[in-house]
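J.: Kindly generate the corresponding structure for this input.
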Amino acid sequence: MPNLNLLCHPDTPSPAIDSLQVELERCAGNAILLHYRLTGDLSRILIPAPKPAAETDGLWQHTCFELFVAKTGTPAYYEFNFSPSGQWAAYAFGAYRQRRPWTLCRPPVLALTQTRNELMLTAKIAAPELPFDGGVDSLQLGLSAVVESTTGDLSYWALRHPGDRPDFHDRAGFVCRL
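T.: Numbering: from 1, shown residues only. Below is the predicted model of the structure:
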């Protein structure tokens, strides 16, 4: 699948970022591999320090990459957060912002590489953690990111921003299919 360009919400500009792209791959066993590539002046972006891989709430309050997954025709969806620190989070929703209990059986596998002008985070999600009842072709994906600048400002990036305010939970933003 070609690189998909995330767009910055017009109310949250970030002049330090040149581009933010995501490449998706479907792997053996229907696992999903995501490659998030942020390019720009990384000295002006707060990148969380490495920490032990663990489920951690609140990652969206700082630089993190996100995936929203829904099965076509259902109100339920899942949210995955991937921090450059190596921490992650996963949430299930029965409908718009209505969280329900859920625990991952297999945590995502994260890898980070960084150069002076590029940050690349790779996340692999095992197939059993996704709503595959109708097969992967029935999935709608929302790809997004939150980027924190060194001044503390947050910019919000997504394939599509359907509303006046950034809202990654809006299903109208789940515009990608595998």
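
J.: On the pLDDT front, check the residue nearest the centre of the chain for me.
T.: Among the residues of the chain, the one closest to the centroid is Glu66, at 1.4 Å (CA atoms, centre = their mean). Looking at Glu66, its pLDDT stands at 98.

J.: What's the separation between it and Ala76?
T.: From Glu66 across to Ala76, the span is 17 Å (CB to CB, to the nearest Å). Where you see a C-beta, it was placed from the backbone N, CA and C, and this is true even at glycine.

J.: With Thr150 instead?
T.: Thr150 is 38 Å from Ala76, by CB to CB.

J.: And the contacts of stretch 42-55?
T.: Residues from elsewhere that reach stretch 42-55 (CB atoms under 8 Å, 6 or more residues apart in numbering): 14, 16-17, 38, 62-64, 83-90, 104, 107, 110, 112, 114, 116-119, 147-150, 152.

J.: Check stretch 153-164 too.
T.: The contact list for stretch 153-164, computed with CB under 8 Å, 6+ apart, reads 4-14, 17, 20, 61, 142-149, 166-168, 170, 172-173, 175-176.

J.: let's go with 7 Å and repeat that
T.: 4, 6-9, 12-14, 17, 20, 142-148, 166, 168, 170, 172-173, 175-176 (CB atoms under 7 Å, 6 or more residues apart in numbering).

J.: Over to stretch 85-104?
T.: 48-57, 59, 75-82, 107-108, 110, 129, 169.

J.: Could you pull up the mean pLDDT of it?
T.: Stretch 85-104 carries an average pLDDT of 95.

J.: And that stretch, what's buried?
T.: For stretch 85-104, burial by neighbour count (16 or more other CB atoms under 10 Å) applies to 85-93, 104.

J.: can you redo the residues you listed as TSV with secondary structure and distance to Ala70?
T.: Shown next, in TSV, are those (DSSP: H, G, I helix; E, B strand; the rest coil; distance: CB to CB, whole Å):
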residue	secondary structure	distance to Ala70
Ser85	coil	27
Gly86	coil	26
Gln87	coil	24
Trp88	strand	19
Ala89	strand	17
Ala90	strand	14
Tyr91	strand	13
Ala92	strand	11
Phe93	strand	9
Leu104	coil	17
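
J.: CSV for these, including distance to His161?
T.: What follows is these, written out as CSV (distance: CB to CB, whole Å):
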residue, distance to His161
Ser85, 26
Gly86, 28
Gln87, 26
Trp88, 24
Ala89, 22
Ala90, 23
Tyr91, 20
Ala92, 23
Phe93, 19
Leu104, 28
